[in-house]
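Colleague: any chance you can model this:
(chains A and B, ligands or ions: 3)
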Protein chains: 2
Amino acid sequence: SSNYAKVYEAKPSDLERPLDEFPRRHLGPSPKDLEKMLKTVGFEDLNSFVESVVPQNVLKKRALELEAPERGYSEMEMIEHLKELANKNRYEVKNFIGKGYYGTILPPVIMRNVLESPEWYTSYTPYQPEISQGRLESLLNFQTVISDLTGLPVSNASLLDEGTAAAEAMLLSYNFHRAKRPKFVIDSKSHPQTKSVVYTRALPLGIEVSEIDTRNVENSLKVLDDKAVCGCLLQYPATDGSIVAPETLTQFAEVLHQHKSLLSVASDPLALTLLKAPGHLGADIVLGSSQRFGVPLGYGGPHAAFFAVQEHLNRRIPGRIVGVSKDRLGNVALRLALQTREQHIKRDKATSNICTAQALLANVAANYCVYHGPEGLKNIAKRIYGMTSILANQINTSSPHDVVNDTWFDTLTIEINESTTASAVLEKALNEYNINLFAPNEKTVSLSLDETTTLKDLQNLIQLFTCSADLPSEVPQFPATLARTDDILTHEVFHLYHSETAMLRYLHRLQSRDLSLANSMIPLGSCTMKLNSTVEMLPITWPEFANIHPFQPTDQVQGYAQLMSSLENALCSITGFDAVSLQPNSGASGEYCGLRIIRAFLEDTGELHRRVCLIPTSAHGTNPASAAMCGLKVVSFNCLPDGSLDLEDLKKKIDKHAHELAAIMITYPSTYGLYEEGLTRAIEMVHEAGGQVYMDGANMNAQVGLTSPGDLGADVCHLNLHKTFAIPHGGGGPAGAPICLKSHLAPYLPRHPVVDMITYGKDDIKSSKAIDSVSSGPYGNALVLPISYAYIKMMGQQGLPYASAIAMLNANYMRARLQNHYEILFAKNHCAHEFIIDLREFKAQGVEAIDIAKRLQDYGFHAPTLAFPVPHTLMIEPTESENLEELDRFVDAMISIRSEIDSYLQGKPEGQMLKYAPHSLEDLILANDWDTRGYTRQQAAYPLPQLKGSKFWPVVARLDDTYGDMHLMCTCPSVEEIAEN
Amino acid sequence: SSNYAKVYEAKPSDLERPLDEFPRRHLGPSPKDLEKMLKTVGFEDLNSFVESVVPQNVLKKRALELEAPERGYSEMEMIEHLKELANKNRYEVKNFIGKGYYGTILPPVIMRNVLESPEWYTSYTPYQPEISQGRLESLLNFQTVISDLTGLPVSNASLLDEGTAAAEAMLLSYNFHRAKRPKFVIDSKSHPQTKSVVYTRALPLGIEVSEIDTRNVENSLKVLDDKAVCGCLLQYPATDGSIVAPETLTQFAEVLHQHKSLLSVASDPLALTLLKAPGHLGADIVLGSSQRFGVPLGYGGPHAAFFAVQEHLNRRIPGRIVGVSKDRLGNVALRLALQTREQHIKRDKATSNICTAQALLANVAANYCVYHGPEGLKNIAKRIYGMTSILANQINTSSPHDVVNDTWFDTLTIEINESTTASAVLEKALNEYNINLFAPNEKTVSLSLDETTTLKDLQNLIQLFTCSADLPSEVPQFPATLARTDDILTHEVFHLYHSETAMLRYLHRLQSRDLSLANSMIPLGSCTMKLNSTVEMLPITWPEFANIHPFQPTDQVQGYAQLMSSLENALCSITGFDAVSLQPNSGASGEYCGLRIIRAFLEDTGELHRRVCLIPTSAHGTNPASAAMCGLKVVSFNCLPDGSLDLEDLKKKIDKHAHELAAIMITYPSTYGLYEEGLTRAIEMVHEAGGQVYMDGANMNAQVGLTSPGDLGADVCHLNLHKTFAIPHGGGGPAGAPICLKSHLAPYLPRHPVVDMITYGKDDIKSSKAIDSVSSGPYGNALVLPISYAYIKMMGQQGLPYASAIAMLNANYMRARLQNHYEILFAKNHCAHEFIIDLREFKAQGVEAIDIAKRLQDYGFHAPTLAFPVPHTLMIEPTESENLEELDRFVDAMISIRSEIDSYLQGKPEGQMLKYAPHSLEDLILANDWDTRGYTRQQAAYPLPQLKGSKFWPVVARLDDTYGDMHLMCTCPSVEEIAEN
Ligand SMILES: Cc1ncc(COP(=O)(O)O)c(C=O)c1O
Ligand SMILES: Cc1ncc(COP(=O)(O)O)c(C=O)c1O
Ligand SMILES: O=C([O-])O
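Modeller: Numbers count the residues shown, from 1 in each chain, chains lettered A, B, ... in the order given. Ligands and ions are numbered 1, 2, ... in the order given. The predicted structure follows:
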């Protein structure tokens, strides 16, 4: 840590160090700020600060091995290096692989103004609705699209991918019958990765999964006509391209419904613009991927899955739901609905652990629909259908091969004439036409057309199979027997913004209603809202990374392979572990994956009876939820009044469950923002009792380069790349959560049913012991991995530990300034990288934590984390990217609010500000009760003078959550509905 | 025009037509809107509308030849095609060519959030300061940078390029002595392109330009010691890299000042971070290019030139100046200062015609300085100096070659040993090191290092010249004799935003204060604020277009060559002309170029006595200003009360000046928004009298595909690519203004002193009769040409005339709705693509046009063009990109304002709203006179109910222009200055 100074030291005379080094741009405080802050915190230098905050038995400072210059790549070097990697991905090969991933055109106006826009990608999950109305509206549009297309009234605002959505459908069905019906049936013609994830999820809960072939209707109906079946999942259109007859689908539903079992349908939303809606045919749940609504292939993700249900299931739907409610003034206002379903309330009683999902991609998809409108979408679908039909007819009439499926939307499965092989066809396609097809086996080729298919492509495909290139004069129309006849996307939002100008303005309007990192700090404890730098974000929309299909042959994706393998090595070094899987695509998914691996290890070592998972009361709700989903029994243990782990209680619990002990889950530094010395003892105790140690990596931002889970003795951890490693939060996703672990657990890292995993840790560990997939994509949200890669390589060996130290210093500086005004919970002397303000003393007298959170909006700020990990508190995490000015601005706001609290407590009328907060412009300008409020507009709007210069305004007044949950509405309200409201 | 319908007709079954065709995204109204609008305007179909609005003798509908599919390229086809062109530019060759163009690193955060951001690039010149405070602040930062670096108190907010800035310095010096001192002296070691532009500009005014070699001080002083010399321009550092001694510069100044002549210095702002400021050494004017402050090479432009002067010259400075003033409430507020100097007031008495300049690039440069701060800039400069010195020493000590200059900042001129040649060195550099150098002649090589030069580059260069690669241990420091010792960039804005997070927020804050096309329509008559689509904008930041030096050898720039030649062909077809020059980089520069060509033609044909230029009273002020700058005598002629050209007056003036008649300048449709039938007669009359016809292309948006200047009989026109052809206005530039002309004028198209022009019209006309350069760059603002190229190629043969028709229909629809509420000037039945609302009737009763303009801000709109071409009017031009909703929204606002005018006229108190407008939030929330205003906050803020949902707010209250001009302040005010205010 005597190296810290070097980070700022690029001198013009030191020619080895480029002047555009990244750390000085990533880190907020200047060297001068540092001095001032250290003084405030009471230290001479950063080194002594770090050594006194981090316990001696924890601080390791092992040098990181990052396969980058010690100083980190400079920004220009990074761009050049990324371009070199990019050039090793063969993005120019045209993919017809399909199987859940399709070429699509991301409209450039949406690319520039959503996917590439920091205003959209840096915002957090919209927990503060008054300053999130833009993306809430966009997510409501997403839900409306899904509801319309599926024919179901209630949709959520995205899930991680189609595979986990299918698994959620299974869990919903299973829990619907209170875990009493152990059988779940799936369509044998589901996508292979969907099946794999379903099997993964079924196993630990003891759900028996069986498959049916829907072509054999009678037999299928027999399988479903069974009281032990909780539900069934059909794929419509199926993975081979065929479309089960609507009447058959209804028959299946009827049989299931006789037993009150549930029918789930995995579907394709683009197909559904033409195809009869499953919800109208009897499906209870419809799920799928919205990827082909403009979201790049991205080597498998991130893509937003959707999940829609019938009305009676609305309180069981997993994930976030945007609902329509109203604000204090009675205006329509949106917010996340039905939050009490979620794991942060229900913990191990929750039926899903889904937390961060795919908000940004759902927003891209929603806006794609807004831009195209129903006619535009249908035209795209009709074109695809027409081309697919032409190709099918040509193959059937003019080639030696046979199309197997006799219904289709976009996909043909072709039995290859015995004179040749599938591999030969694929080779010819690639060599002669620069085309990728898919071969499920040596006798079969499958292909899917999509929005990007041109006339020339069609001609190439016809030529490939038939050796001629004739086109019929007529383009076939979608068959009436399959076609939906109802209107879709009738809401006006899908009819107003079809010119680029109108779309640009709509996107800009939405964006201007949301507070993001482009406005101010977002000091959400446990969320690490740091800089997501432009250089890190650049590759995301390069076609070389964006246009890659996850099932492209390995030799075509060497850029990704090199990037991922180097990223895995770096993560191994950072965590002190031996192997990594990049597959999990959210923190919760990482937890699930890690625990499943522990389970597989225990099974392998004959200790599957070990089923207890110890979790401290301070843990994030996803920990117990994930444990429960892995079939583990959650046993809580206490924390001491000073916030640290209660080692005695832990000892007691370990002793009690010693023979059943599977694992402990701990977050370090703890969710209380503490570096505890007891950690290593706790780890030893668990190990002594034969348990595995799982570390939740949410707080890794305080560890990197200073210590590590591996160094501390843990066995496995997940990393939230969307926290510590600079993937932006996207308004609620995407995420990235690699699992890192010791070598004894490496053989169990998840496989993929289609892709041979080309990476995995230092020693390229592969194994037949691998668990099934936890995500649809082989490498999870692969497209966002370059962000973390670039972050690590640009910060370098010196910059990364420095960032951890600054993250801590920033937190301690704020803590030091605030401690005279608020009670600081637990962290009596110093905190780690975050700290908790205790507001419980005010509660009895009527001031709630939420009042303070809302009042912060009047100061232009996003509230810190509310009520986690302790109710009636705020948890503040500034991250290393905030500079002294911003820290002071926030602290000044909190101090000012403290005096408003005093006013309230003293019964002064201006204390009412806290209850009315936040003050929307409409309130300030139009309300006619200002004479009686007891405080002025100025106090409400500009409580500090500098706010006059520039301030982010809440768009609505305080939301009415109860009203919204009682009058649940999850699609765009019509004009009449708004009027009624 | 029976083809118009086809533009929307891409059917899924028509496989030849991609579904992502561009016209339906570019055009605002939907086919359904069209029906409604035609009805309102009183026509059955678009065809009959067009035929009745455009006079029969004007409407030609000649098919355009655009080298693109008839339907236009689709968006994806366009991107692919642009990538193909891009791949033909060798951007990966490292340039050390220098000569006014240097490699630089555009910080990615600025690239994404300024250059690629529609919020920045679509805004107009900040004529409405209350909704432009963001870019005004940024331009003030630019001026502050320039003022600090040059050591002069007053800077403007950019000029077109260094060459024209030098010419402006000459003109200022010349006019300073009321055109009585005919001699101007320039440094023989000025950049060749600077010299060329100076010679161009001097010629028609009869200014005698001579050159001095500053190495011969005595002789130079003798030349300058001459009362006939109005001024002198030195280059510091000079084009050969040498730096004239500061004492010498002061001597030159003293000699000049003895005669009250002016010393101008062309300089390099990066060098000035280290070098003594010319303003402190006696320079009266300092000018140069700010390109290397982060602005891409872009094959020669756009780059922002700067121009700074001593206090006593502040009212003579050409171009726009941002000044600090205050608003109605006394808050600091910025606006364009000293507007009365400009040509729209002074017409042919103006001393410059500069209008649109390079605001966007000035903003990039300013933000580059904000991001780096003074230390960062100096570090970059020191690194460059250090590397250059190492290289110089190595060449002198270890190579057979000699560095000629013995002072330098970044540039070395090397005399090549006679054993080889300059070409051989260049060839070796390219083939072995992928490096471009520059060879002024066969014995000399020159090179310039820059911010992008890496250690590896330095080693390559050393190796190239010395065949070894030794580096000294010491890096030389900038010599004290040349070094400045004062502090630069001391204002806090250059010290606060050095982290990317802080910079992002600063840019976002600025952006949020500006109204742009991302917010609402900007109905500025004569400005054509249409969609600047994302696809058009994409190539601008591709390195294949951005990183190209204008002096790169032709075989390295084949992508540009192909693009420009095809663009020239398309423009020929569109204008009905035979040849094109892409060199002029603003409308005014186009006018100048066109008139200079006419002058050259007249000289060539022995008719130089023809010096009269006829210009109607309705003309834009740049027309007479440009004519005067070409040494022409402006003779005005009248328009009739109905707005059309007064052919009788024209006849009279022609008769009077028949033998002196050089040209007529006309705008068509006229600036009154009229298609006049008299045009062709006027053209005939001028031709009969032996004059040439110049057409100002500002209103080309109503001509494209329907008629053309060539078809109408004109001889030459300029096109404002930044109007009709989709280059965004950038808050005041960049622009692009090709000159198109008939073949008899083609031989005079401008040359370039360094670059052999590789394009020029259909027949690739080249000639020794060419005039000297009108711009520094051979192809003007080359980097933005892909925008117009993409626009033309995507709209296609069918889309372009359709756009003209819709532009007219949109205007006529608004006119039809507004005519019952306002007096429409001139256009009694129909207008062309714009129309004028006459507000003169209200003036006597106290309502000014500006009141209405300001009140529109309260409705969330930018005002139409104010007081041009007729005082006390508003001119509205919607363009084809606005849809019916937006047109209606604007019309509704105007109608609502009409009733407010009535209130005022009737003496009702709420009429005062017009005078208080616009209402800033501070006014609405903090003012304490609301009880006495006679209108409510609601009336002020939300005059129409839909504004409650979303509205753009003016940031300050109405500006006080007089105060600002009387207390001129053109740099960032200090805290004390703000307090004093
Ligand atoms: C401590 C902790 N664990 C787990 C999670 C869940 O991560 P994700 O939202 O990516 O699923 C979070 C999310 O904030 C967290 O703070
Ligand atoms: C009719 C007319 N001519 C000339 C110009 C000058 O063009 P520029 O600003 O590009 O110099 C304008 C600018 O608005 C114009 O409207
Ligand atoms: O996203 C979280 O639940 O923190």
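Colleague: I figured residue A:940 hits residue A:918, correct?
Modeller: No - with contact defined as Cβ atoms under 8 Å, residue A:940 does not reach residue A:918; the gap is 9.0 Å. C-beta coordinates here come from the backbone N, C-alpha and C atoms, glycine included.
Colleague: quick one: the strands in the stretch 501-650 of chain A?
Modeller: All strands of the stretch 501-650 of chain A, identified by DSSP state E, counting those that start in this stretch, fall at A:579-581, A:612-616, A:633-637.
Colleague: dump those into a markdown table; add mean neighbour count, distance to residue B:132 and mean pLDDT as well.
Modeller: Below are the strands of the stretch 501-650 of chain A laid out as a markdown table (neighbours: other Cβ atoms under 10 Å in any protein chain shown; distance: least, Cβ to Cβ, whole Å; pLDDT from 0 to 100):
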| stretch | mean neighbour count | distance to residue B:132 | mean pLDDT |
| --- | --- | --- | --- |
| strand A:579-581 | 29 | 51 | 96 |
| strand A:612-616 | 27 | 55 | 97 |
| strand A:633-637 | 18 | 59 | 97 |
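Colleague: what would the ones you listed look like in a markdown table with distance to ligand 1?
Modeller: Below are these laid out as a markdown table (distance: least, Cβ to the nearest ligand atom, whole Å):
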| stretch | distance to ligand 1 |
| --- | --- |
| strand A:579-581 | 16 |
| strand A:612-616 | 11 |
| strand A:633-637 | 15 |
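Colleague: to ligand 2, which of those lies closest?
Modeller: Ranking those by their distance to ligand 2 (criterion: Cβ to the nearest ligand atom) puts strand A:579-581 first, at 56.7 Å.
Colleague: which stretches of chain A have low pLDDT?
Modeller: Within chain A, the segments meeting pLDDT under 70 span A:1-5, A:759-766, A:980-981.
Colleague: and if we set it to 80?
Modeller: A:1-9, A:341, A:344, A:469, A:758-767, A:960-962, A:964-965, A:975-981 (pLDDT under 80).
Colleague: would you pull up the residue in the stretch 651-800 of chain A closest to ligand 3?
Modeller: Going by Cβ to the nearest ligand atom, ligand 3 is nearest to residue A:732 of the stretch 651-800 of chain A, at 7.8 Å.
Colleague: ranges for the strands of the stretch 301-450 of chain A?
Modeller: For the stretch 301-450 of chain A, the strands defined by DSSP E, counting those that start in this stretch cover A:305-309, A:321-326, A:332-337, A:402-403, A:411-415, A:435-436, A:438-441, A:444-448.
Colleague: so which of those gets nearest residue B:125?
Modeller: Among these, strand A:332-337 comes nearest to residue B:125, with 38.0 Å by Cβ to Cβ.
Colleague: could I get the buried residue list for the lengthiest helix in chain A?
Modeller: Secondary structure of chain A read by DSSP state H shows that its longest helix is helix A:359-398. With burial defined by 16 or more other Cβ atoms under 10 Å in any protein chain shown, the residues of helix A:359-398 counted as buried are A:359-374, A:376-392, A:394-396.
Colleague: kindly report the same for stretch A:19-37.
Modeller: A:19-30, A:33-34, A:37.
Colleague: could I get that stretch in PDB with only the CA atoms?
Modeller: Only the C-alpha atoms of stretch A:19-37 are listed here, as PDB (Å, rounded to 0.1, in the frame of the first residue of the first chain):
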ATOM      1  CA  LEU A  19      -0.900  10.000 -19.600                       C
ATOM      2  CA  ASP A  20      -4.300   8.500 -20.200                       C
ATOM      3  CA  GLU A  21      -4.100   6.000 -17.400                       C
ATOM      4  CA  PHE A  22      -7.500   5.100 -16.100                       C
ATOM      5  CA  PRO A  23      -7.300   5.000 -12.300                       C
ATOM      6  CA  ARG A  24      -7.200   8.800 -11.900                       C
ATOM      7  CA  ARG A  25     -10.400   9.000 -13.900                       C
ATOM      8  CA  HIS A  26     -12.100   6.100 -12.100                       C
ATOM      9  CA  LEU A  27     -11.300   7.400  -8.600                       C
ATOM     10  CA  GLY A  28     -13.200  10.400  -7.400                       C
ATOM     11  CA  PRO A  29     -10.900  12.100  -4.900                       C
ATOM     12  CA  SER A  30      -7.900  13.900  -6.000                       C
ATOM     13  CA  PRO A  31      -4.600  13.600  -4.100                       C
ATOM     14  CA  LYS A  32      -5.400  16.900  -2.500                       C
ATOM     15  CA  ASP A  33      -8.800  15.700  -1.400                       C
ATOM     16  CA  LEU A  34      -7.200  12.600   0.100                       C
ATOM     17  CA  GLU A  35      -5.200  14.700   2.500                       C
ATOM     18  CA  LYS A  36      -8.200  16.500   3.700                       C
ATOM     19  CA  MET A  37     -10.200  13.400   4.100                       C
END
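Colleague: can you give me the neighbour number for residue A:675?
Modeller: Residue A:675 has 25 neighbours, counted by other Cβ atoms under 10 Å in any protein chain shown.
Colleague: sweet, I'm off.
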